[in-house]
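> Could you work out the structure for the sequence below:
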Amino acid sequence: MKCRIRKWQLSDARNLAAAVCNPKIQDNLRDGLPYPYTEQDAICFISDMLSADENETFAFAIVEDNMAIGSIGVFRQGNIHKRTAELGYYIAEGYWGRGIMSEAVGQICEYVFGNSDIIRIYAEPFADNIASCRVLEKAGFQYEGTLRGNAVKNGKVIDMKMYALLKEEWRGR
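Purely as a prediction, here's the structure:
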């Protein structure tokens, strides 16, 4: 096992801030994160995740050698999509390309499918984020299509890809 996921701890704030305060990471995330990302920003995020409804927000630190190196979360949707959840993740740049994120995605899917009534987990990476698309494919997610002109990031209209994994598919893994 390359990594494990665990509940956030306030002591993870320094490592989280160091990971997120990187334009290469922020360029592949949705807007809303401050830059520079401070330790206080990380404390607020961790506090929010620790106080969130555990049946709605499944948020974990990605840990290697007992050190938080990234974040992964699955977030339940609402209304007719209440048994569907969106996956989001990032990892510190120094850990890219080692298979850690695919393993963390597998662990969170196992947790969510085993501990909730969620039947579908999806992710929408930016179409040009080849590494993130590969992470999802390695974890068993199916490519469902391209969402053309779906977002504006850094002043550019961009496409996103839709990937999903169904609980019934996961059981067969």
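> In three-state terms, label residue 85 for me.
Following DSSP: H, G, I helix; E, B strand; the rest coil, residue 85 is assigned to strand.
> Which parts of the protein are helices?
Applying DSSP state H to the chain gives helices spanning 13-20, 23-26, 39-51, 100-115, 130-138, 167-171.
> Quick one: closest of those to residue 150.
Checking the helices of the chain against residue 150 by CB to CB gives helix 130-138 as the closest, at 14.5 Å. Heads up, the C-betas are built off the backbone N, CA and C, glycines and all.
> Under the pLDDT cut-off, which ranges of this structure? List them.
171-173 (pLDDT under 70).
> swap the cut-off to 90 and go again
Residue ranges of the chain with pLDDT under 90: 1-2, 32, 170-173.
> out of the helices of the chain, which comes closest to residue 155?
Nearest to residue 155, of those and by CB to CB, is helix 23-26 at 14.0 Å.
> For the helices of the chain, give me JSON lines that also has mean neighbour count.
JSON lines is the format used below for the helices of the chain (neighbours: other CB atoms under 10 Å):
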{"stretch": "helix 13-20", "mean neighbour count": "20"}
{"stretch": "helix 23-26", "mean neighbour count": "14"}
{"stretch": "helix 39-51", "mean neighbour count": "16"}
{"stretch": "helix 100-115", "mean neighbour count": "19"}
{"stretch": "helix 130-138", "mean neighbour count": "16"}
{"stretch": "helix 167-171", "mean neighbour count": "14"}
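> looking at those helices, which is closest to residue 4?
That would be helix 100-115 among the helices of the chain, by CB to CB, at 6.9 Å.
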